[in-house]
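Trainee: could you look at this predicted model? Sequence included:
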Amino acid sequence: MVKSVWLAAGGAGAFKAREMIEREVRVLRQLHHPQVPAYLEDLVTGAGKSAAFHLVQEIIPGVVLATQMIGHRYDEGEVLDVLIAILPVVVYLHGLSPPVIHRDVKPRNI
């Protein structure tokens, strides 16, 4: 999987974006869990207004929860199954020192 982030062409916004991306890379490099796509590489292509940051991660086969939810309303048991399935990775992340807090857990990211 390749995650691409466009970098702003200058100003404080570009600096902050770059800082956030570098922090994400540092965190991803330290994560080693079967439910977390492994960090493989990061690179910047282009320059100026066309600069883009690319984050390359391992592909983990599966279906995105948001896709599974299209046309299907989950009952209480199915919701609990999803929560139980993601619990090991949450426990792993929170058990790190310092703990990693995802801050964007939603069906599109599961």
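Mentor: Sure thing, it's come through.

Trainee: ok, then the element right after the helix or strand where A66 lies?
Mentor: Element membership of A66 [criterion: DSSP states H and E] is helix 65-69. Using DSSP H and E, the helix or strand that follows helix 65-69 in sequence is helix 76-95.

Trainee: what's that next one packed up against?
Mentor: On a contact count with 3 or more C-beta pairs under 8 Å, 6 or more residues apart in numbering; DSSP states H and E, helix 76-95 meets no helix or strand. C-beta coordinates here come from the backbone N, C-alpha and C atoms, glycine included.

Trainee: residues making contact with that helix?
Mentor: 31, 33, 35-36, 65, 74, 99-102, 105, 110 (C-beta atoms under 8 Å, 6 or more residues apart in numbering).

Trainee: could you list the buried residues of it?
Mentor: For helix 76-95, a neighbour-count test (16 or more other C-beta atoms under 10 Å) marks 89, 92-93 as buried.

Trainee: pick the one among those residues closest to D42.
Mentor: Distances from D42 to these, taken as C-beta to C-beta, are shortest for L93 (20.0 Å).

Trainee: picking up where we left off before, mind giving me the PyMOL select for the contacts of helix 76-95, buried ones only?
Mentor: In PyMOL syntax, the buried subset of the contacts of helix 76-95 is picked out as below (16+ other C-beta under 10 Å):
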select buried, resi 31+35+36+65+100+110
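
Trainee: dump the contacts of helix 76-95 into CSV; add distance to A52 and secondary structure as well.
Mentor: Below are the contacts of helix 76-95 laid out as CSV (distance: C-beta to C-beta, whole Å; DSSP: H, G, I helix; E, B strand; the rest coil):
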residue, distance to A52, secondary structure
L31, 23, coil
H33, 28, coil
Q35, 28, coil
V36, 23, coil
L65, 27, helix
Y74, 36, coil
P99, 30, coil
V100, 25, coil
I101, 27, coil
H102, 24, coil
V105, 26, coil
I110, 26, coil
